[in-house]
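**Student:** coordinates for the following, if possible.
(one chain, ligands or ions: 2)
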Amino acid sequence: MSPWLLAFLCESWFTIYWGIIVNCKWNPMDYKTYPENLDKRFPDLPNVDMFVTTADPVLEPPIITVNTILSLLAVDYPAQKLACYVSDDGCSPLTFYSVVEASKFAKLWVPFCKKYNIQVRAPFRYFLGDSDHPSNAYKANSEFHQDWLKMKVTRKPVPCDLNGEFADFSDVERRNHSTIVKIMWYRIWFTCREKRPKQPHNYKAGAMNVLGRVSGVMTNAPFMLNVDCDMFVNNPQVVRHAMCQLLGCPSEEIAFVQYPQVFYGSPRDDPYGNQFVVVSHYIARGITGIRGYDMREQAVSIDEKSYMMKLELGKLVDETVLRKEFGNSEEFINSATQALKGKQGAFPNLSNSLEAACEVASCNYEHGTSWGTKLGWIYGSTVEDLHTGLVIHNKGWNSTLHGPEPPAFMGCALSGGPKAMTQQKRWVTGLLEIMIGKNSPIFSTLTTNLQFRMCLAYLWILVWALHSVHELLYATLPAYCILTNSRFLPKVEETTIWIPTAVFLTYNLHNLREHYSCIAAPYLSACASIKVAIAISWGAGGRAKGGLL
Ligand SMILES: O=c1ccn([C@@H]2O[C@H](COP(=O)(O)OP(=O)(O)O[C@H]3O[C@H](CO)[C@@H](O)[C@H](O)[C@H]3O)[C@@H](O)[C@H]2O)c(=O)[nH]1
Ligand SMILES: [Mn+2]
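**Tutor:** Ligands and ions are numbered 1, 2, ... in the order given. Take a look at the predicted model:
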């Protein structure tokens, strides 16, 4: 193939992709919410079931998971309206033990946070920083000091022995065990769904569907909140912010609200781009302005995206249809029907529900039902959250992205290197699976309620892997031309050389500007204020001289 033709094909691809990006950025939109007005308009706030998934006690240390759980339990929302469901796909006694300890500590921690209006409610972050430290803000308040010390000391757990409740976890094979559901003080449910070697478990999507059903037979709240185990709540008002959108704009049919992923502890200036700040600032805000950002709990940066989703159950009434859709659990069908009628779940008889919970968490439960295809988290891609968001948008729902200050959730970004590459390979493979699957936005925009501009917005992320092929080919083209003594650009002395030069310069300067406006904003503004200070002192000097003259 001649270098001209290859260059033309690659450049055509870049032009189309640029058009898609412009579409994504065209209508940036920010939401502003006023949670302080929520109680006046909605004195009886709805219940919320909060889901945390964890899968591996080594890669996702239980201490991080319990901090996430504690930060969720301590949000500014009526405690009796919250329930927390933890799914452990690792079936680890260590994780269970940590959650038991966390549920005991929550009895002290939650009232402490609410009493002193603590801002960072994940203990490991709170005790690390010094913003709320008694020696600073509250030095004079000795009651606070006493409470603070109590928290700091009680936080240290005691050793675990594998007796009593823990015995269920001894000799358990991680990939071959029956369901374990435990209820703990402080409204925490710990679930290890049944796993069998030959049964597909569908990773996080499978875990989320089990939690959806278990919570359905337990507390059956009309709203759910989902975070990965390593994304703690950084803004205690987050549930109230979400309610402002979910309850406050009924005409907009918002299916889920999500928050950009924000990271702590990552290298300065994000040299590897793992925080995706430019993406969340320019592209995600832009897509929000079209119809709603795709569901990537931070997925793009992924590890943390978090969203709230309304139970989207369709209008089903016939008993046999219900069984076919939801599975055979009488209790779950009752809950689903109640949810369809818009009724809030009451606290059930826990011993009955425990049996029902084990039934709906079994690995055969989904056989022949709509779970994973039409209902719940959708299977078939390793990027199950985006897939689910796409199916929700196909049905004509909207979604929003909201960036409150301080950021709603925080997670730990990968710092770069092979781990980040493995993660991105997993994502791009999953995205291509969606691209060629039956929910592909190209077909959906013709056959469902997916808007054309939303289709383009989905294409922007789904063809991520294909983009790299064109970039690689284009980047190797100059070397190829040198070796074969051919060319694909005009010669330096030809005036047309200005066209590719101008494109190259404007594109890269624009990208640099976007990057600096997000990443380096604090440093730039610091430099700017130094410059302003210098200018003022020079100006003052000038005026003084002028005055003398
Ligand atoms: O079999 C599994 C595998 C994963 N998980 C949980 O799913 C979450 C995400 O999995 P992880 O391996 O951490 O993927 P990441 O790439 O770090 O996560 C990003 O990408 C995923 C795929 O798009 C999204 O589901 C996540 O929300 C997003 O943060 C974690 O809480 C895991 O514990 C399970 O519960 N069961
Ligand atoms: Mn993760």
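
**Student:** hey, let's count contacts and neighbours off CA atoms from now on
**Tutor:** Fine.

**Student:** anything in stretch 254-269 near ligand 1?
**Tutor:** No - Stretch 254-269 is not in contact with ligand 1 by C-alpha under 6 Å from any ligand atom; minimum separation 8.4 Å.

**Student:** ditto for stretch 188-200
**Tutor:** No - Stretch 188-200 does not reach ligand 1 (C-alpha under 6 Å from any ligand atom); its nearest approach is 9.9 Å.

**Student:** mind giving me the domain split of this structure?
**Tutor:** Following the TED database, the chain resolves into domains at 35-261+296-412, 491-530.

**Student:** name the residues of the last one that are buried.
**Tutor:** For domain 491-530, the buried set under the neighbour-count rule, 16 or more other C-alpha atoms under 10 Å, comprises 514-520.

**Student:** ok, now stretch 73-82?
**Tutor:** By 16+ other C-alpha under 10 Å, the buried positions in stretch 73-82 come out as 73-77, 82.

**Student:** ok, back up a step: winner for burial among the domains of the chain?
**Tutor:** Comparing these on average neighbours per residue, with mean count of other C-alpha atoms under 10 Å, the densest one is domain 35-261+296-412 at a mean of 19.

**Student:** how far away from the center of its chain is that one?
**Tutor:** The chain centre lies 13 Å from the centre of domain 35-261+296-412; the measure is C-alpha atoms, centre = their mean, to the nearest Å.

**Student:** interface residues of the stretch 101-250 of the chain facing ligand 1?
**Tutor:** So far as C-alpha under 6 Å from any ligand atom goes, the stretch 101-250 of the chain lies against ligand 1 at 203-204, 207, 228-229.

**Student:** return the member of the residues you listed nearest to residue 328.
**Tutor:** residue 207 (18.6 Å; C-alpha to C-alpha).

**Student:** related to what we said a few turns ago, mean pLDDT lowest where, among the domains of the chain?
**Tutor:** Among these, domain 491-530 carries the lowest mean pLDDT, at a mean of 79.

**Student:** need the contact list for residue 46.
**Tutor:** 81, 221-223, 344 (C-alpha atoms under 8 Å, 6 or more residues apart in numbering).

**Student:** and stretch 503-515, how far out from the chain middle?
**Tutor:** 29 Å.

**Student:** nope, stretch 416-436 is what I meant
**Tutor:** Distance, stretch centre to chain centre, for stretch 416-436: 16 Å (C-alpha atoms, centre = their mean).

**Student:** what are the boundaries of the helices in the stretch 1-150 of the chain?
**Tutor:** Ranges of helices in the stretch 1-150 of the chain, per DSSP state H, counting those that start in this stretch, are 3-25, 38-41, 62-73, 93-116, 123-126, 142-154.

**Student:** of all those, which lies closest to residue 166?
**Tutor:** Using C-alpha to C-alpha, the helices of the stretch 1-150 of the chain put helix 93-116 closest to residue 166, at 6.6 Å.

**Student:** the host helix or strand of residue 502 packs against which elements?
**Tutor:** According to DSSP states H and E, residue 502 maps onto helix 498-518. The helices and strands touching helix 498-518, judged by 3 or more C-alpha pairs under 8 Å, 6 or more residues apart in numbering; DSSP states H and E, are helix 277-278.

**Student:** give me the mean pLDDT for the helix it packs on.
**Tutor:** 84.

**Student:** elements contacting it?
**Tutor:** Using 3+ C-alpha pairs under 8 Å, 6+ apart as the contact criterion, the neighbours of helix 277-278 among helices and strands are helix 498-518.

**Student:** distance from the helix it packs on to the middle of the chain?
**Tutor:** The answer for helix 498-518 is 30 Å, by C-alpha atoms, centre = their mean.

**Student:** run through who's touching that helix.
**Tutor:** Contacts of helix 498-518 (C-alpha under 8 Å, 6+ apart): 277-278, 281, 489.

**Student:** pipe those into TSV and attach neighbour count per row.
**Tutor:** What follows is the contacts of helix 498-518, written out as TSV (neighbours: other C-alpha atoms under 10 Å):
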residue	neighbour count
277	23
278	17
281	18
489	17
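
**Student:** mind checking which of the buried residues of stretch 73-82 are in strands?
**Tutor:** With strands taken from DSSP state E, the overlap with the buried residues of stretch 73-82 comprises residue 82.

**Student:** of the buried residues of stretch 73-82, closest to ligand 1?
**Tutor:** Using C-alpha to the nearest ligand atom, residue 73 is the member of these that sits closest to ligand 1, with 17.3 Å.

**Student:** isn't that closest one up against residue 110?
**Tutor:** Yes - contact criterion C-alpha atoms under 8 Å: residue 73 and residue 110 qualify, at 6.9 Å.

**Student:** before we move on, the earlier item: want to throw the contacts of helix 498-518 into a markdown table with distance to residue 57?
**Tutor:** A markdown table is the format used below for those (distance: C-alpha to C-alpha, whole Å):
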| residue | distance to residue 57 |
| --- | --- |
| 277 | 29 |
| 278 | 32 |
| 281 | 33 |
| 489 | 54 |
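
**Student:** from those, which is closest to residue 472?
**Tutor:** residue 489 (17.2 Å).

**Student:** hang on, the closest one in a helix?
**Tutor:** No - checked against DSSP: H, G, I helix; E, B strand; the rest coil, residue 489 lies outside a helix; its state is coil.

**Student:** show me what contacts it?
**Tutor:** Here residue 489 is in contact with 497, 500 (C-alpha under 8 Å, 6+ apart).

**Student:** look up how far ligand 1 lies from it.
**Tutor:** If you measure residue 489 against ligand 1 using C-alpha to the nearest ligand atom, to the nearest Å, the figure is 40 Å.

**Student:** which residue ranges form the strands in the stretch 301-450 of the chain?
**Tutor:** Using DSSP state E, counting those that start in this stretch, the strands of the stretch 301-450 of the chain run over 306-310, 398-401, 409-412.

**Student:** strand partners of the last one, parallel vs antiparallel please.
**Tutor:** Take DSSP bridges as the rule and strand 409-412 pairs in its sheet with strand 231-233 (antiparallel), strand 262-264 (parallel).
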